[in-house]
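> Provided below are the primary sequence and the corresponding predicted coordinates.
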Amino acid sequence: MGKHVVSVSLGSATRDKAVSLELGGVEIRAERRGVDGNTKAFHRLMKELEGTVDVLAVGGTEIAFHVDGEMLPFRSSKKLIAGVEATPVVDGSGLKLTLERRVFELAAKVDRTLSAVPRFEQAFLNVALDRWGMALAVDEVAERSIYGDLMFSFGIPLPIRSLAGVKRVAKTLVPVAGLLPLKWLYPSGDSQTVRQPKFPELFASSDLICGDFLYIAKHAPDDLGGKTVLTNTTTEANVEWLAGTGVDLLITTTPRFDGRSFGTNLTEAIITAAVESDRPLTVDEMNATIDELGILPDVTRF
């Protein structure tokens, strides 16, 4: 019998997609459903789907941040999944700590011309707080790394230049941020598609641009000539846009299904369903499952 997984996202419904796929011999129907930033609609849809699908995923926000081995709950998200107990709920953190942590090693298996430990002069990661695995991976391959958590999530134009700085921000600001309306921290609904280029000097001086794609698409300049982009959640139209900016290499941390690399939350739901787990997988279980099922990033050269 096939499995059915759904990601409910605070993002725009224009990015919705449904695919049927087979993974590990299991037929899976995977859907992404956006609610255009409406938190009440989000919770209502989660409750409607509870008990009718095999795994639910939370998109457009986090249940908790995982920084340096510590879990920091995100209070604003609690009400989104309140009372949902009959169905496993994942938010992509399991993949962010495994697949994204190993992204360069795994990408080298897809494109043999890539090094498992490439070198970059400067990496610009838009938000590290919710992608700690990617932050660690990037730190190993870049001479310098710049983290934009204060700039993109909090509107404070101060780049962070070390992982230690990111950890300090996590301890100081995550408890406060968890009390704020989600729309203040992350673009949702129609605001996701409105271009607003900013911080051009940091994009221009970095040869590795990485992190959440919506932030890249919203804030990057029109010229990204010769750069490598490390991200996920890209549609075919997104890939065409990146090609038009002159990007040299695109690595999406999640595999591509029917032209779409889904977010870590829906991809984690797919993997959870494929192994027929009734709970989120641990980091060790997820790493083992990634290898067992042959889960690999997608690599596109332009």
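The structure has been received and is ready for your questions.
> From residue 223, how far out is residue 244?
According to Cβ to Cβ, to the nearest Å, residue 244 and residue 223 sit 10 Å apart. For every residue, glycine as well, the C-beta is placed using N, CA and C.
> Residue 267 - that's part of a helix, no?
Yes. Residue 267 sits within a helix when classified using DSSP: H, G, I helix; E, B strand; the rest coil.
> for it, what are its contacts?
92, 95, 99, 232, 254, 255 (Cβ atoms under 8 Å, 6 or more residues apart in numbering).
> do residue 231 as well
210, 211, 212, 213, 216, 250, 251, 252, 253.
> run the last query once more with 6 Å
residue 213 (Cβ atoms under 6 Å, 6 or more residues apart in numbering).
> Return the backbone torsion pair for it.
phi -160, psi -160 (degrees, to the nearest 10).
> Kindly report the same for residue 203.
According to degrees, to the nearest 10, residue 203 has phi -60, psi -40.
> That one is in contact with residue 223, isn't it?
No. Using Cβ atoms under 6 Å, residue 203 makes no contact with residue 223, being 8.8 Å away.
> Between the two, which is the more surrounded one?
residue 203 (19 against 14; other Cβ atoms under 10 Å).
> Flag the least confident of the contacts of residue 267.
Within the set of these, pLDDT is lowest for residue 232 (91).
> Does residue 173 lie in a helix or a strand, and which?
helix 163-177 (DSSP states H and E).
> hmm, who's touching that helix?
65, 67, 68, 72, 128, 129, 139, 147, 149, 160, 185.
> same thing with stretch 121-130?
62, 65, 135, 138, 142-149, 152-153, 166, 170, 202, 205-212, 215.
> swap in stretch 282-290?
Here stretch 282-290 has contacts from 94, 97, 98, 99, 271, 275, using Cβ under 6 Å, 6+ apart.
> Any chance of these in JSON lines with distance to residue 109, secondary structure and neighbour count as columns?
Below are the contacts of stretch 282-290 laid out as JSON lines (distance: Cβ to Cβ, whole Å; DSSP: H, G, I helix; E, B strand; the rest coil; neighbours: other Cβ atoms under 10 Å):
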{"residue": "94", "distance to residue 109": "20", "secondary structure": "helix", "neighbour count": "27"}
{"residue": "97", "distance to residue 109": "19", "secondary structure": "coil", "neighbour count": "22"}
{"residue": "98", "distance to residue 109": "15", "secondary structure": "coil", "neighbour count": "26"}
{"residue": "99", "distance to residue 109": "12", "secondary structure": "coil", "neighbour count": "27"}
{"residue": "271", "distance to residue 109": "17", "secondary structure": "helix", "neighbour count": "28"}
{"residue": "275", "distance to residue 109": "21", "secondary structure": "coil", "neighbour count": "16"}
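> Among these, which pair sits farthest apart?
97 and 275 (17.0 Å; Cβ to Cβ).
> Would you mind finding the longest strand in this protein?
Assignment by DSSP state E gives strand 26-34 as the longest strand of the chain.
> name the helices or strands packed onto that strand?
strand 3-9, strand 17-23, helix 264-274 (3 or more Cβ pairs under 6 Å, 6 or more residues apart in numbering; DSSP states H and E).
> Each with direction, which strands does that strand pair with?
Looking at strand 26-34 with DSSP bridges, its partner strands are strand 3-9 (parallel), strand 17-23 (antiparallel).
> Pull the residues that contact the first one.
Pointing back at strand 3-9 there. 26, 28-34, 42, 45-46, 49, 53-57, 59-60, 265-266, 269-270, 273.
> in stretch 116-136, what's buried?
118, 120, 123-135 (16 or more other Cβ atoms under 10 Å).
> and which of those residues is nearest residue 281?
Nearest to residue 281 among those, counting by Cβ to Cβ, is residue 133 at 14.4 Å.
> residues touching that closest one, list them.
Contacts of residue 133 (Cβ under 6 Å, 6+ apart): 96, 97, 100, 101.
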